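Asker: kindly generate the corresponding structure for this input.
(one chain, ligands or ions: 1)
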Amino acid sequence: MQNRLTTFGEVSLEALAAHFGTPLYVYDLARLRRDFSRFQNAFANLEFVAYSLKANPNRWLLKTLADLGAGADAVSGGEVLQALSAGIPAQRIVFAGPAKTPQELDLAARQQIFAIHVENEAEAQYLADHWPGTRVGLRVNPAIDPGTHPKIATGLPESRFGLPLEAVPRLVKTYGSALQIRGLHVHIGSQIRNPRAYLDALDRILPLLKLLPDPEYLDLGGGFGVDYEQDDDPWVEEILQALRPRVEPLGVRILLEPGRSVVARSGILLARVLYLKTMGTRTYALLDAGMTDLVRPALYGVRHRVQVVAAEDRPLRTYTLAGPVCENTDVFAEDLRLPELQPGDLVVFRDTGAYGFSMACNYNLRARPAEVAVDQGRAARIRPREPVGGFLMGEPAELEFVPLNP
Ligand SMILES: Cc1ncc(COP(=O)(O)O)c(C=O)c1O
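Answerer: Down below sits the predicted model:
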């Protein structure tokens with residue numbers, strides 16, 4: 001990869017920064033459509049691809065995917081509502097999460113979504129009591145190690161996600177008539193490159209499918225890896241290819257829930273260099289973007305590829321790129337060779353469409369950045385920049401103490 005980039009989605013990065021300001025998330029809709037389409041014909045018996053909203057829930061990205069027939073995997077009531085508001089039909093929404101509130105279960109049941117993915121017995125009991133006849137699937141923890149970063153492995157034996165394998169027969173027996181238990185769901189983690197992990201999970205749960213009175217579907221989750229060091233993720237097709245002969249003859253429909261692999265590469269974070277500063281042997285380029293805008297480097301130690309938007313023919317220098325947040329972890333990259341930087345220059349963090357804006361926060365009372373979509377040379381704001389100080393508005397001007405003790 002070159003260390004310079006001047007356009008994205010056929011739009012000038014300088015013009016984007018000048019018009020919308022920085023830090024700025026920019027998404028290329030053509031790339032988004034292309035990456036989603038890899039999953040659309042994955043299996044002859046594919047029911048739908050439930051794009052995992054947690055990766056990036058922006059409504060305009062969802063609308064783009066909805067136009068291609070996407071469903072949604074939601075993890076909260078907010079995500080269910082967001083999917084609906086983007087035009088994803090309720091019949092293509094699944095809802096999984098280890099600690100759903102009664103209000104969230106009520107919402108999902110009332111909307112008659114495709115299925116609520118039950119992760120513990122009390123949840124099944126609540127639905128049987130309040131929403132008998134609801135369509136559910138059982139999220140099963142296959143107790144395997146997908147071989148990824150421990151912070152993103154969710155199917156380990158001790159994970160809090162899903163039901164233990166041995167609980168499934170009892171749940172089917174107890175709730176099989178009160179609820180429509182139509183399918184099984186597994187999601188074993190993120191950043192998986194090895195088909196073996198999916199095949200192992202399949203081996204673990206297939207015997208359980210036979211226990212369902214009227215099995216309709218198997219949801220194999222997301223987790224398809226993205227290589228943050230280069231452009232290509234050949235294992236996506238390899239995994240689908242390895243699964244195809246195993247799932248197509250099963251006689252049930254298949255769901256997939258990719259998040260990262262759909263949206264990561266379509267997004268960049270554009271930031272401006274505020275200052276250069278040398279401390280000992282280290283030269284920092286201090287940016288207007290920080291870990292509050294993109295937390296993945298601080299949280300997982302991930303290094304996103306960096307490009308600069310500066311003029312050609314600058315000599316290479318070594319920089320550590322860091323943000324304004326008062327945490328030592330607010331560092332995006334150490335000792336990187338880049339064309340010489342000057343204050344005001346723009347830098348680009350690649351492949352930040354997934355778990356970028358969706359994990360942004362207001363720590364240090366920083367306003368979250370704007371989001372812009374580009375499509376074949378045109379650009380549109382899809383989320384405004386938060387106003388500085390805007391998040392103070394919810395705090396009351398006067399204290400009203402409530403007498404709670406009897
Ligand atoms: C239940 C479920 N499905 C799908 C996903 C999406 O995973 P990924 O973005 O790695 O594809 C997640 C991510 O945590 C998840 O928890």
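Asker: going by C-alpha atoms from here, please, whenever you check contacts or count neighbours.
Answerer: OK.
Asker: contact residues of the stretch 201-350 of the chain facing the ligand?
Answerer: 221-224, 257-261 (Cα under 6 Å from any ligand atom).
Asker: list only buried entries from these.
Answerer: Buried subset of these (neighbour count, 16 or more other Cα atoms under 10 Å): 221-224, 257-261.
Asker: could you name the helices and strands sitting against the helix or strand hosting F39?
Answerer: Assigned by DSSP states H and E, F39 belongs to helix 29-40. When contacts are defined as 3 or more Cα pairs under 8 Å, 6 or more residues apart in numbering; DSSP states H and E, helix 29-40 packs onto strand 46-52, helix 59-66, helix 260-263, strand 370-375.
Asker: now render the ones you listed as JSON lines, adding mean pLDDT.
Answerer: Formatted as JSON lines, these follow (pLDDT from 0 to 100):
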{"stretch": "strand 46-52", "mean pLDDT": "98"}
{"stretch": "helix 59-66", "mean pLDDT": "98"}
{"stretch": "helix 260-263", "mean pLDDT": "98"}
{"stretch": "strand 370-375", "mean pLDDT": "98"}
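Asker: can you say which of the ones you listed is packed in most?
Answerer: Of the helices and strands packed on helix 29-40, the one with the most neighbours on average (mean count of other Cα atoms under 10 Å) is helix 260-263, at a mean of 28.
Asker: what does that one contact?
Answerer: Applying Cα atoms under 8 Å, 6 or more residues apart in numbering, the contact partners of helix 260-263 are 32, 35-36, 51, 55-56, 223-226, 353-355.
Asker: okay, these in CSV with distance to G162 next?
Answerer: Shown next, in CSV, are the contacts of helix 260-263 (distance: Cα to Cα, whole Å):
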residue, distance to G162
L32, 30
D35, 28
F36, 26
Y51, 19
A55, 20
N56, 23
G223, 15
F224, 19
G225, 21
V226, 24
G353, 27
A354, 23
Y355, 22
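Asker: what is the nearest of those to the ligand?
Answerer: Relative to the ligand, the closest of the contacts of helix 260-263 is G223; by Cα to the nearest ligand atom it sits at 3.3 Å.
Asker: export the helices and strands packed on helix 29-40 to CSV and tack on distance to L321?
Answerer: CSV is the format used below for the helices and strands packed on helix 29-40 (distance: least, Cα to Cα, whole Å):
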stretch, distance to L321
strand 46-52, 30
helix 59-66, 29
helix 260-263, 24
strand 370-375, 21
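Asker: and of these, who's closest to A322?
Answerer: strand 370-375 (19.8 Å; Cα to Cα).
Asker: alpha carbons of that closest one, as PDB, please.
Answerer: Below are the C-alpha coordinates for strand 370-375, written out as PDB (Å, rounded to 0.1, in the frame of the first residue of the first chain):
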ATOM      1  CA  ALA A 370     -19.300  13.600  11.800                       C
ATOM      2  CA  GLU A 371     -20.000  10.800   9.300                       C
ATOM      3  CA  VAL A 372     -20.100  11.300   5.600                       C
ATOM      4  CA  ALA A 373     -21.000   8.800   2.800                       C
ATOM      5  CA  VAL A 374     -19.300   9.100  -0.600                       C
ATOM      6  CA  ASP A 375     -20.700   7.400  -3.700                       C
END
